[in-house]
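*Asks:* Pasting a predicted model and its sequence here:
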Amino acid sequence: MTVPEPTSAHAAWLPAEAFRPIGARRTLVLGDGLLVETARDEVAHACARFGGSLLRRADDRASGQASDRASGRTGDQAGGQADLVLALATEAHLPAAAQAVREESGQDERPIGAEGFLLARRGEVTVVLAGGPAGLLYGLFHVVRLGEAAFGGPRPVERHRPALRRRMLDHWDNIDTHPVMGQVERGYAGGSVFWQDGGPRGDLTRVRAYARLLAAAGVNAITVNNVNVHATEAHLLTDRLGDVAAIAAELRPYGIRTHLSVNFAAPIVLGALACADPLDEDVRAWWAAATARVYDAIPDFGGYVVKADSEGQPGPFAYGRSHAEGANLLADALAPFGGVVHWRAFVYDHRQDWRDRSTDRARAAYDHFAPLDGQFRANAILQVKHGPMDFQVREPVSPVIAAMPRTRVAVELQVTQEYTGQQRHVCYLPPMWREVLDFEPRGPEGPAVAGLADELVAVSNVGDDFYWTGHPLAQANLYAFGRLAWDPRLDPAALLDEWIDLTFTPAAAGDPERLRGTLHAMMDGSWLTYERYTAPLGVGFMVRPGHHYGPDVDGYEYTPWGTYHFADRDGVGVDRTRATGTGFTGQYPEPWSRVYESAEECPDELLLFFHHVPYQHVLRGGTSVIQHIYDTHFAGADQAAETRLLWQKLTDLVDPELHARVAELLDEQLRSAEEWRDQINTYFSRKSGVPDAHGRRIY
């Protein structure tokens, strides 16, 4: 296998220079299997570039010489002890340093699993012992992440294993370019990396390069098509299955399992059956046969993703069946092959009457799914958006996550920045994700969201743009998602350091501390900056309908979509209390049901999500709601301007083309932030009649 380095794409967090510490040393790789061969090829490629040696057996001079000839080293440098040992823990003949690590770790009865690995340094040898081929590959990339630090000084045995079994990205990619949504729905980085002109891309080198990036971040599964399954995409399940198999072949060497979004009505659309009733025997037989054909073509296929009875997609409601019965139909078809179905909980009435204040979109997922807890098959995974609405810059955690103790739950995040600047604004999202993962639905006595989730899933932000994510700095969100899915306890600031040190090597060798410090100043608080100049205090939306970019305070206020703010002359916000509102607060267990019910106890940042309050209502921070709106929108625009100035100071440390791309996007971010500031402040000034206490210009 050739290590993919497409010239049509940025190297992101795997530039060649990141492999210098490995490539300049002697590395022994022991083990068999496709992913072990991938690790071996990665090492050989690095050695060929930087003059090191790939050894295939301990102290095997002949093998070393053969590898050295391939890498350009001379024979008298071959053989001898390895500097780095990458081996499966089950290998019978390990060098002494690796044997010592295995013996020492054997006293710890905790398994490392097929994806886990041990890392230690014994004497002058760094050792990675893996529980399986995937663990060996992850161990290799961890050494790449550590760089020279992996080879300096003693290192006690470290145990690394993923907290979550499946760490998955959903691609909302279309084969045919959709007339409204384009080729990638909610995509902000160009076209699809998989599909082009109504079919698969002819050259899939970039797909393998993408798999390599994902494996290095810890992702192990992806869906290759949109959850809104259109006519052409429906056929990927049957007569276009070969296209999916070709993509799976490129993902497989890096341990990425392929999943497919499917149309619940496929037995009608593709099989000419009269119905898609999940309890109909012909329907069940059709799905069983179709799934068997999928596994014949893709033996390591992961499973299906389904959006049903939501936003016009077909589902079991048409037959009077429940979501559990719909999900179990597909789970039963997948079970013989070890596959899973991800059933999305994003189900709500998107044709509601805006006049009816008793209807609350935020309630919908809980109302639909909480009564079904315990009715889903073991291989059916309920995929729940992290908030009850739709990936807003600020939402409470969805109550569904804590309401399904007998159901496998995947928490869904959105890496693509649909409502957070669409990859035209800097918005580093991991601080928000950590807040979600750390949230304790039952208070300190119960587990956090990270402990309740069986999986972490996110909507990808990747396209065929040279920089993968459109905005070069948006790569950090993709990288950090994978790392947080591996270990939800990781610190977002530390993950940003990892990404910076990998991505900007060696361009910033002249002054790495200045580069790192400047990027932290730009990115650490960028989520809060974006929040300051957009929709205030958790009320959400206020975006231009359809494309969702830029301010439009009343854009959705009288639409069927259920995303309202109810601003009037007296106040703003949505009453979701049990006492006088929609009762949504009652979907939370204590203590949050009580906290959210009270306008005095509710966290300031979520006040307008749960309460309709007067403009002069005093926040817990001591400022009135209306003054908070003014202050934060002026501050947010000022911070966007400061971010642009900070970037201008890095011209000597960053590749000129990358610097120019970011500079152009920061100009747009500042323009948009000022537009948000002026529209929001003007709207609420006119609505409330309350002037800004500081006399700043409001139109």
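*Replies:* Sure thing, it's come through. Since the structure is predicted, the reported quantities are computational estimates derived from the model, not experimental observations. Numbering: from 1, shown residues only.
*Asks:* neighbours of residue 530, just the number please.
*Replies:* Using other C-beta atoms under 10 Å as the criterion, residue 530 is surrounded by 28 other residues. Yep, even glycine has a C-beta here, placed from its N, CA and C like the rest.
*Asks:* if we look at the helix or strand harbouring it, which residues are touching it?
*Replies:* When elements are defined using DSSP states H and E, residue 530 is found to belong to helix 526-533. Here helix 526-533 makes contact (C-beta atoms under 8 Å, 6 or more residues apart in numbering) with 393-394, 420-421, 425-429, 431-432, 605, 632-633, 635-637, 639-640, 643, 673, 676-677, 680.
*Asks:* Need the residue closest to the centroid of the protein.
*Replies:* When the chain is reduced to its mean C-alpha position, the closest residue under C-alpha atoms, centre = their mean turns out to be residue 458, at 3.6 Å.
*Asks:* That one: which element?
*Replies:* The secondary structure element spanning residue 458 is strand 455-459 (assigned by DSSP H and E).
*Asks:* quick one: strands adjacent to that strand?
*Replies:* Taking DSSP bridges as the criterion, strand 455-459 sits next to strand 166-170 (parallel), strand 408-414 (parallel) in its sheet.
*Asks:* Including distance to residue 291, could those strands go into JSON lines?
*Replies:* JSON lines is the format used below for the strands paired with strand 455-459 (distance: least, C-beta to C-beta, whole Å):
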{"stretch": "strand 166-170", "distance to residue 291": "19"}
{"stretch": "strand 408-414", "distance to residue 291": "19"}
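*Asks:* For residue 312, which of the ones you listed is the nearest?
*Replies:* Closest to residue 312 of the strands paired with strand 455-459, according to C-beta to C-beta: strand 166-170, at 18.4 Å.
*Asks:* Run through who's touching the following helix or strand past that closest one.
*Replies:* On the C-terminal side of strand 166-170, the nearest following helix or strand under DSSP H and E is strand 173-178. Outside of strand 173-178, the residues within contact range by C-beta under 8 Å, 6+ apart are 181-185, 187, 192-195, 198-199, 224-226, 230-233, 236.
*Asks:* So residue 334 sits against residue 341, correct?
*Replies:* Yes. Contact between residue 334 and residue 341 holds when scored by C-beta atoms under 8 Å: they sit 6.0 Å apart.
*Asks:* isn't there a strand covering residue 27?
*Replies:* Yes. Inclusion of residue 27 in a strand is indicated when DSSP: H, G, I helix; E, B strand; the rest coil is applied.
*Asks:* Can you give me the pLDDT of it?
*Replies:* Looking at residue 27, its pLDDT stands at 98.
*Asks:* Low-confidence stretches in the chain?
*Replies:* 58-80, 506-509 (pLDDT under 70).
*Asks:* Distance from the chain centre to the biggest helix by length in it, please.
*Replies:* With residue count as the measure and DSSP state H as the assignment, the chain has helix 656-688 as its longest helix. Taking the mean of its C-alpha atoms, helix 656-688 sits 25 Å from the chain's own mean (C-alpha atoms, centre = their mean, to the nearest Å).
*Asks:* on that earlier part again, and the helix holding residue 530 with helix 656-688, angle?
*Replies:* On the basis of axes from the mean of the first three to the mean of the last three C-alpha atoms, to 10 degrees, helix 526-533 is oriented at 30 degrees to helix 656-688.
*Asks:* Just the buried ones out of the contacts of strand 173-178, please.
*Replies:* Of the members of those, the ones counted as buried by neighbours, 16 or more other C-beta atoms under 10 Å, are 181-185, 187, 192-195, 224-226, 233, 236.
*Asks:* show me what contacts the closest residue to the residue nearest to the centre of the chain other than its chain neighbours?
*Replies:* When the adjacent residues along the chain are set aside, residue 458 lies closest to residue 413, with 4.2 Å between them (C-beta to C-beta, 6 or more residues apart in numbering). Applying C-beta under 8 Å, 6+ apart, one finds that residue 413 lies in contact with 386, 391, 429, 433, 436, 456-459, 481.
*Asks:* Kindly report the same for residue 448.
*Replies:* Taking C-beta under 8 Å, 6+ apart as the criterion, residue 448 is in contact with 437-440.
*Asks:* Over to it: give its phi and psi.
*Replies:* phi -80, psi 170 (degrees, to the nearest 10).
*Asks:* For residue 345, see how far away it is.
*Replies:* Using C-beta to C-beta, to the nearest Å, one obtains 19 Å as the distance from residue 448 to residue 345.
*Asks:* cool, residue 82 as well?
*Replies:* Plainly put, residue 82 is 49 Å away from residue 345 if you go by C-beta to C-beta.
*Asks:* and what of residue 152?
*Replies:* 47 Å.
*Asks:* Pick out whichever of the two has more residues nearby.
*Replies:* Set side by side, residue 152 and residue 345 show more neighbours around residue 345, with 26 against 12, by other C-beta under 10 Å.
*Asks:* surely that one meets residue 387?
*Replies:* No. Residue 345 sits out of contact with residue 387 when judged by C-beta under 8 Å, with a separation of 11.7 Å.
*Asks:* can you tell me the distance between the two ends of stretch 519-530?
*Replies:* 16 Å (C-alpha to C-alpha, to the nearest Å).
*Asks:* Kindly report the same for stretch 393-411.
*Replies:* Its start and end residues considered, stretch 393-411 measures 16 Å (C-alpha to C-alpha).
*Asks:* Mind listing what's buried along it?
*Replies:* Of the residues in stretch 393-411, those scored as buried under the neighbour-count criterion (16+ other C-beta under 10 Å) are 393-404, 407-411.
*Asks:* Can you flag which of those residues belong to helices?
*Replies:* With helices taken from DSSP H, there is no overlap with the buried residues of stretch 393-411.
*Asks:* taking those residues one by one, which sit in strands?
*Replies:* Within those, membership in strands is found for 408-411, as judged by DSSP state E.
*Asks:* Could you dump the residues you listed into CSV and include distance to residue 622?
*Replies:* Compiled in CSV, these are given as follows (distance: C-beta to C-beta, whole Å):
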residue, distance to residue 622
408, 44
409, 38
410, 40
411, 34
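*Asks:* Of these, which pair is most distant in space?
*Replies:* The two members of these with the most space between them (C-beta to C-beta) are 408 and 411, at 11.3 Å.
*Asks:* Overlap in contacts, these two.
*Replies:* With C-beta under 8 Å, 6+ apart as the test, residue 408 and residue 411 both reach residue 455.
*Asks:* just to revisit the earlier point, in strands only, show me the contacts of strand 173-178.
*Replies:* Secondary structure defined by DSSP E assigns 182-184, 195, 199 of the contacts of strand 173-178 to strands.
*Asks:* which among these gets closest to residue 588?
*Replies:* Distances from those to residue 588 were compared by C-beta to C-beta; the smallest belongs to residue 184, at 34.7 Å.
*Asks:* Give the bridge partners for the closest one, please.
*Replies:* Each beta-bridge partner of residue 184 is listed here: residue 173, as defined by DSSP bridges.
*Asks:* I figured it hits residue 465, correct?
*Replies:* No. Assessed by C-beta under 8 Å, residue 184 is found out of contact with residue 465, at 10.4 Å.
*Asks:* Pull up the overlap in contacts between the two.
*Replies:* Between them, residue 184 and residue 465 have residue 190 as joint contacts when contacts are counted by C-beta under 8 Å, 6+ apart.
*Asks:* how near is residue 551 to residue 451?
*Replies:* According to C-beta to C-beta, residue 551 stands 38 Å off from residue 451.
*Asks:* Which of these two has more residues huddled nearby?
*Replies:* In terms of neighbours (other C-beta under 10 Å), residue 551 is the more surrounded of residue 551 and residue 451; the figures are 20 against 11.
*Asks:* you'd agree that one is up against residue 675?
*Replies:* Yes. The pair residue 551 / residue 675 is scored as a contact, 6.1 Å apart, by C-beta under 8 Å.
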